[in-house]
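A.B. asks: kindly generate the corresponding structure for this input.
(2 chains)
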Amino acid sequence: MTLVSGWGRFPVVDTDLLRPRSFEAVGDAVADVTGSVARGNGRAYGDAAIGAARTVGMTGFDRIRSFDPATGRIRLEAGVLLADLIDTFGPRGFLPFVVPGTRFVSVGGAIASDVHGKNHHCEGGFGRYLDSILLRTGEGETIEVSREQNSDAFFATVGGMGLTGVILEATIRLRPVETGWIRERVISASDLDAAMRALDAGDTATYSVAWIDCAARGRSLGRSLIYLGEHANKDELADGADAFPVGKDPGLSVPIDMPSMTLNRYSIRAFNELYYRMGARRAGGSHVVSLYPYFFPLDSLSDWNRIYGKRGFLQHQCVIPEAGARAVLGDILERVARRGDASFLAVLKKLGQGDGLMSFPLPGYTLALDFPVNGDILDFLDEIDRLVVAAGGRLYLAKDARQSRTTFEAGYPALRRFNAIRKSLDPNGNIRSKLSQRLFDEV
Amino acid sequence: MTSRKSVLVLGGSSDIGRAAARAFAKAGYDVGLAGRDVAALDPDAADLRTRYSVEVGVYRFDVLDTAAFEGFVGSLPTLPDVVISIVGLLGTQESAQSDLAHATTIMRSNYEGPSLILGLFAEKFLGRGSGTLVGVSSVAGDRGRASNYVYGSAKAGFSGFLSGLRARASRGGVHVVTVKPGFVRTKMTEGMKLIGPLTVEAPVVGDAILRAVENKTDVVYVSGKWRLVMLIIKTLPEAVFKKLKF
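C.D. replies: Prediction:
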């Protein structure tokens, strides 16, 4: 048995962790016990990629099978990391259509979470660029699923948190790009209304996201920096610049668990003040930045999860439907600011319609916050959840470690249908994660 | 015909073999992958072709079938520039103590086979006047330990063979690299308790092999810490060493 946790390092769970080397061995690993789930690179924050009894590590399956430069279609094993795809195909003029805030997620994990990027409002999520999946069901069958073939299983697997079976391979489409650079425009917004207006105005931008200073209160509540981005063409690059920037390995790392004292309302407020002012100075004009800092600002600091100390941290990411979002977001931010120990920076962005049955996105605004695990944080987050549920919103399963069954059921009305599809693929319930046990499996 | 350099990886489906093949392909080498199960090598060959646009060949090679070695070398379409032997078998020390067949397999897989095949390539390379041979040995060969001396002694033999071959071949323009990886997280070490700070992932070994070939290094401890650890272990007096639970 091995102690395993998600990226938030909470909860820590004892599980039988296997790393099979062949698809047959994956099958055996799933067949021998009741309650296993696949795990990619461990970037889900909570308990989604930890099996009820056994966890099947998939990072060894990192072969690329074929690539067609005419269509951008690529067939690959589920353990390939997006970082690997970007490094290999970026210089050849192709990037994934959708990337989340870290490039160290596996393709299997990106499908299972139907991850969204800064372009969800206009281009949708990872699942939209997915053609087919080779799935190993809990019943022992290996099936190809797509929009046309086994389509129920396809739409349940996109965003299905690995609960329909083990994703072995996938065919996805890459985006042709001229360069690996992004033309970025920064807008500073002095409060939440301005931030939401700026995001609405950015609807036509390919990429948009807002970093909120969640220590700011009163008239500055919700003040933020909005980053809009477009893929840069070759003629927009400085003379002599390479069309594709070099992606450095994370240079800095957090070597130890930081003492919990380091993060307090004063240090957070000071950091946010500085960040906001530095960003506001750049606001206005547009400039060209490498895709790495634009898409993956935190990847340059490896093991950044240790900043939150040994007890770990919780991420709370909700989405609130557009109507009434202003009031609820204001209320949440007010409570967070009053509390004082929230994350360095919160992220606010607009989402469009999700593609999978259990995909997180719905048309509205998503707010992501980090909290160190301490004192009454669980009660506080329950309080926030009640606001989310009342507004018809939901929480992102890839980041969740603690929501209640009630919150979950209110947010995901497709659950019954999802469970019916699971049942048909896996009548004995062999595939179960700590997350599914916590939120919806019969105990 | 290409003017690119080429590498042949014996034990191409092992974790270190895959990592080494990727490191060399990324650097522009054409690759030959050799192993017992040719079908298992095909996905890796496709992966290398797709990623790096290099030529990849797949060949059957069984390290225990020494009678087939000359035929194997003769059947290769070209004589590669670099040959890497990653083949090895950890086996089970406890069984090897009483099961002679198992002990023999460990000895042959780690010493006899790898030495003979690299020796054959050495003759070809010396005839041509160029080439690099890489043997992946083990820190376990630096001193026999109670817990794995059957494996360790075979690796010691292999290290000794490589050392002598290096001395001879260097005069003929052929370079020999000995790699001692230490603990690597691979299928061979799955389930073993490895000491975190002394353990590396397979790609680190792959990159280290490429660097050693290009820099003409003689003996590589993949993690520098191992050189120190093994220096201490090698210099302990036998009277002290035999009392250690190690």
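
A.B. asks: when you work out contacts or count neighbours from here on, use the C-alpha atoms and nothing else.
C.D. replies: Noted.

A.B. asks: for stretch B:234-246, buried residues please.
C.D. replies: Residues B:Phe241 are the ones in stretch B:234-246 that count as buried (16 or more other CA atoms under 10 Å in any protein chain shown).

A.B. asks: excluding residues flanking it in the chain, which one is nearest A:Pro427?
C.D. replies: Excluding the flanking residues, the one nearest A:Pro427 by CA to CA, 6 or more residues apart in numbering or on different chains is A:Glu139, at 7.2 Å.

A.B. asks: same question for B:Gly12.
C.D. replies: B:Leu33 (5.0 Å).

A.B. asks: in three-state terms, label the one you found for me.
C.D. replies: Following DSSP: H, G, I helix; E, B strand; the rest coil, B:Leu33 is assigned to strand.

A.B. asks: surely it is in contact with B:Val58?
C.D. replies: Yes - between B:Leu33 and B:Val58 a contact is recorded at 4.9 Å, counting by CA atoms under 8 Å.

A.B. asks: which of the two has more neighbours?
C.D. replies: B:Leu33 (25 against 21; other CA atoms under 10 Å in any protein chain shown).

A.B. asks: and for the one residue in chain B that gets nearest to chain A, the neighbour number?
C.D. replies: As assessed by CA to the nearest CA, chain A sits closest to B:Asp47 within chain B, at 4.7 Å. B:Asp47: 21 surrounding residues under other CA under 10 Å.

A.B. asks: the spatially closest residue to it that is not a sequence neighbour pairs with what?
C.D. replies: In space, and not counting its chain neighbours, B:Asp47 is closest to A:Ile64: 4.7 Å by CA to CA, 6+ apart. On the basis of DSSP bridges, A:Ile64 is bridged to A:Leu76.

A.B. asks: can you check A:Ile172 too?
C.D. replies: Here A:Ile172, judged by DSSP bridges, has bridge partners A:Ile74, A:Leu130.

A.B. asks: OK, contacts around it?
C.D. replies: Residues in contact with A:Ile172 (CA atoms under 8 Å, 6 or more residues apart in numbering or on different chains) are A:Arg73, A:Ile74, A:Arg75, A:Tyr129, A:Leu130, A:Asp131, A:Ser132.

A.B. asks: and chain B, which residues reach chain A?
C.D. replies: Contact residues, chain B versus chain A (CA under 8 Å from any CA of the partner chain): B:Pro43, B:Asp44, B:Ala46, B:Asp47, B:Thr50, B:Arg51, B:Tyr52, B:Lys187.

A.B. asks: and the third one, what element?
C.D. replies: With secondary structure defined by DSSP states H and E, B:Ala46 is part of helix B:38-52.

A.B. asks: could you check the pLDDT of the residue of chain A found nearest chain B?
C.D. replies: Closest to chain B within chain A is A:Ile64: 4.7 Å, counting by CA to the nearest CA. As summarised for this prediction, A:Ile64 has a pLDDT of 97.

A.B. asks: from the rest of the structure, what touches the longest helix along chain B?
C.D. replies: The residue-count maximum for a helix in chain B (DSSP state H) belongs to helix B:149-169. Contact with helix B:149-169 is made by B:89-91, B:93, B:96, B:103, B:106-108, B:110-112, B:114-115, B:119, B:122, B:126, B:135, B:137-138, B:140-145, B:174-178, as judged by CA under 8 Å, 6+ apart.

A.B. asks: that older thread, what about the residue of chain A closest to chain B, neighbour count?
C.D. replies: 25.

A.B. asks: which residues touch the host helix or strand of A:Phe408?
C.D. replies: For A:Phe408, the host element (DSSP H and E) is helix A:405-411. Defining contact as CA under 8 Å, 6+ apart, one finds that helix A:405-411 is touched by A:Asp385, A:Arg386, A:Val389, A:Gly392, A:Gly393, A:Arg394, A:Leu395, A:Leu415, A:Arg438, A:Leu439, A:Phe440.

A.B. asks: most neighbours among these, which one is it?
C.D. replies: Neighbour-wise, these (other CA under 10 Å) top out at A:Gly393, 27 neighbours.

A.B. asks: okay but that residue is in contact with A:Val319, surely?
C.D. replies: Yes - using CA under 8 Å, A:Gly393 is in contact with A:Val319, at 5.3 Å.

A.B. asks: below-threshold pLDDT in the chain: ranges please.
C.D. replies: Went with chain A since none was named. Residues of chain A that meet the criterion pLDDT under 70 lie in A:248-265, A:342-345, A:443.

A.B. asks: you answered for a different chain; I wanted chain B.
C.D. replies: Using pLDDT under 70, chain B drops low at B:1-2, B:246.

A.B. asks: show me the helices in it, by range?
C.D. replies: B:15-26, B:38-52, B:69-75, B:93-98, B:100-107, B:113-128, B:149-169, B:202-215, B:224-235, B:238-241.

A.B. asks: buried residues in the longest one?
C.D. replies: For helix B:149-169, the buried set under the neighbour-count rule, 16+ other CA under 10 Å, comprises B:149-163, B:165-166, B:168-169.

A.B. asks: also the third one?
C.D. replies: Under the neighbour-count criterion of 16+ other CA under 10 Å, helix B:69-75 has B:Phe69, B:Val73 buried.

A.B. asks: same for it, what does it pack against?
C.D. replies: Applying 3 or more CA pairs under 8 Å, 6 or more residues apart in numbering or on different chains; DSSP states H and E, one finds that helix B:69-75 contacts helix B:113-128.

A.B. asks: CA atoms of the helix it packs on as PDB?
C.D. replies: Output of helix B:113-128 as PDB, limited to C-alpha atoms (Å, rounded to 0.1, in the frame of the first residue of the first chain):
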ATOM      1  CA  GLY B 113      25.400 -12.400 -23.000                       C
ATOM      2  CA  PRO B 114      26.100  -8.700 -22.800                       C
ATOM      3  CA  SER B 115      29.900  -9.200 -22.700                       C
ATOM      4  CA  LEU B 116      29.800 -11.500 -25.700                       C
ATOM      5  CA  ILE B 117      27.600  -9.300 -27.900                       C
ATOM      6  CA  LEU B 118      29.500  -6.100 -27.100                       C
ATOM      7  CA  GLY B 119      32.700  -8.000 -27.700                       C
ATOM      8  CA  LEU B 120      31.500  -9.000 -31.200                       C
ATOM      9  CA  PHE B 121      30.500  -5.500 -32.100                       C
ATOM     10  CA  ALA B 122      33.900  -4.300 -30.700                       C
ATOM     11  CA  GLU B 123      35.700  -6.500 -33.400                       C
ATOM     12  CA  LYS B 124      33.500  -4.900 -36.100                       C
ATOM     13  CA  PHE B 125      34.000  -1.400 -34.800                       C
ATOM     14  CA  LEU B 126      37.800  -1.900 -34.600                       C
ATOM     15  CA  GLY B 127      37.800  -3.200 -38.100                       C
ATOM     16  CA  ARG B 128      36.100   0.100 -39.200                       C
END
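
A.B. asks: which residues does that helix contact?
C.D. replies: B:63-66, B:69-70, B:73, B:79, B:83, B:85, B:87, B:131, B:133, B:135, B:158, B:161-162, B:165, B:169, B:172-174.

A.B. asks: before we move on, the earlier item: most widely separated two among the contacts of A:Ile172?
C.D. replies: A:Arg75 and A:Tyr129 (12.2 Å; CA to CA).

A.B. asks: tell me where the stretch 101-250 of chain A has helices.
C.D. replies: A:107-112, A:120-123, A:151-157, A:192-201 (DSSP state H, counting those that start in this stretch).

A.B. asks: so which elements touch the last one?
C.D. replies: Helices and strands touching helix A:192-201, by 3+ CA pairs under 8 Å, 6+ apart, are strand A:181-189, strand A:207-212, strand A:224-231, helix A:325-339.
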